[in-house]
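# missing the sequence, but the structure's below:
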């Protein structure tokens, strides 16, 4: 064996090995990973939704939140107060707000547009602190802490409101942006500042047992995008920076008092959440274990060889049972057409009509007769099926005899 022969055998072996490579394509890998990609996307959506729906003590997505740098937040005001030496505190619960507000030298700023605090809790909180600034109080909140003050609607936003009062913080501000206003009844000893076209005031201050209560209607004057307009910044710093400590309280859903029957969380056993979590993890692990692929499928020979005659007979019985005469004849015709095309030397892509015309020319038969055997005749009974089958067999025998006739026998 020469060196060239060895090279040829090695190349042939490498080519054969290359034909048997079963490395999955990128499309196959991607299709197998669709489930886990979906699980990852769902998990990411759940995490993002959880982060958006939950809020800690320094959330940055709530209106007038001192930690919110967005246009609706109040981080700019809080940072300026801190730079001037004011200790800005952000309580996370009602109890913490009560404890921090009870100390001397403390200003309490409350913004509760959703009404999470009950009337009793709000009254207790306002009564505890010395200097209280309520931002945008609702109708029920006014009834609770300032019975003589009522909502008077929003003023014209295109016109700034002028102080026109003797409250020091309002006098220093001079003017503020328009917004919600309050109406004072004759029985109240409250002082109104920044009169508006609604016959109300943008700011109302009234005395309390421990100090003063200031009601601010245009709450957006503290926001990052409007604090620099008119005298908004001066009013915000004058009201909130009056003392060395500022408790900036934004009630949340956790501050709502529980009442009525127990909720589903209270009725849920302690062991339920850990158990269901463990079951979910076990199910995911089982899905991964049972759903993983061990590799590409391998073609194996059947342990039993079924003769072609038995397969043909079984298929014929199925056709007979469902009366699929046309289907049975089509199967016979397709096989006969392929064999006739090969015997006549035609291409594999030759049509049945080309095969029929070639066979008719070779056998000197009418073209319509051969086409009827191979295509046109439609069976209407089992007798027609047998007749077409016999005609196909006879046509194949005649074609084979015409293509390669037997040599004459030699005389003995």
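Now that the structure is in, tell me what you want to look at. None of these values were measured; they are calculated from a predicted model. Numbers count the residues shown, from 1 in each chain.
# phi, psi of residue 397?
The phi and psi values for residue 397, taken as degrees, to the nearest 10, are phi -60, psi -40.
# can you count the residues close to it?
10 (other CB atoms under 10 Å). All C-beta spots, glycine's among them, are computed from the backbone N, C-alpha and C.
# now swap in the one 5 residues further on and tell me
When counting by other CB under 10 Å, one arrives at 14 neighbours for residue 402.
# and it, what element?
If you go by DSSP states H and E, residue 402 is part of helix 382-403.
# and that helix, what does it pack onto?
If contacts are counted by 3 or more CB pairs under 8 Å, 6 or more residues apart in numbering; DSSP states H and E, helix 382-403 sits against helix 325-343, helix 352-363.
# angle of it against helix 325-343?
Note on geometry: by axes from the mean of the first three to the mean of the last three CA atoms, to 10 degrees, helix 382-403 and helix 325-343 are set 0 degrees apart in direction.
# quick one: buried residues of helix 382-403?
In terms of neighbour count (16 or more other CB atoms under 10 Å), helix 382-403 has its buried residues at 385, 388, 389, 391, 392, 395, 396, 399.
# flag the least confident of these.
The lowest pLDDT within the buried residues of helix 382-403 belongs to residue 385, with 86.
# report the contact partners of the closest residue to that residue other than its chain neighbours.
Residue nearest to residue 385 in three dimensions, not counting chain neighbours: residue 379, with 4.8 Å by CB to CB, 6 or more residues apart in numbering. Neighbouring residues of residue 379 by CB atoms under 8 Å, 6 or more residues apart in numbering: 325, 326, 329, 385, 388.
# swap the cut-off to 6 Å and go again
Contact analysis of residue 379 by CB atoms under 6 Å, 6 or more residues apart in numbering lists 325, 329, 385.
# and residue 173, by the same measure?
By CB under 6 Å, 6+ apart, residue 173 lies in contact with 231, 234, 235.
# switch to 10 Å and redo it
161-163, 167, 193-194, 203, 221, 230-239 (CB atoms under 10 Å, 6 or more residues apart in numbering).
# just give the number of residues close to residue 44.
10.
# ok so it is a strand residue?
No - under DSSP: H, G, I helix; E, B strand; the rest coil, residue 44 sits outside any strand and is assigned helix.
# how near is it to residue 264?
27 Å (CB to CB, to the nearest Å).
# ok, residue 174 next?
Counting by CB to CB, the gap from residue 174 to residue 264 is 54 Å.
# give me the more crowded residue out of those two.
Comparing residue 174 with residue 264 by other CB under 10 Å, the one with more neighbours is residue 174, at 15 against 6.
# and the more buried one, what is it in contact with?
Residue 174 neighbours (CB under 10 Å, 6+ apart): 160, 161, 162, 163, 194, 230, 231, 234, 235.
# one more: residue 254?
By CB under 10 Å, 6+ apart, the neighbours of residue 254 are 55, 92, 93, 94, 116.
# tell me the contacts of residue 324?
By CB under 10 Å, 6+ apart, residue 324 lies in contact with 315, 316, 318, 330, 331, 385.
# how about residue 113?
Listed by CB under 10 Å, 6+ apart, the contact partners of residue 113 are 63, 64, 135, 136, 137, 138, 141, 219, 250, 251.
# pull the most distant pair out of those.
Within these, two members stand farthest from each other by CB to CB: 63 and 141, at 16.1 Å.
# so the two - more neighbours on which side?
Neighbour count, other CB under 10 Å: between residue 63 and residue 141, residue 141 has more, with 22 against 19.
# would you say the more buried one is within a helix?
Yes - counting by three-state DSSP, residue 141 falls inside a helix.
# if I look at it, how far off is residue 109?
As judged by CB to CB, residue 141 and residue 109 stand 14 Å apart.
# joint contacts of the two?
With CB under 10 Å, 6+ apart as the test, residue 141 and residue 109 both reach residue 134.
# next, residue 158: secondary structure please.
coil.
# show me what contacts the closest residue in space to it that isn't next to it in sequence?
Among residues not flanking residue 158 along the chain, residue 178 sits closest, at 7.6 Å (CB to CB, 6+ apart). Residue 178 makes contacts with 154-161, 194, 196-198, 202, 217-218, 221, 230, as judged by CB under 10 Å, 6+ apart.
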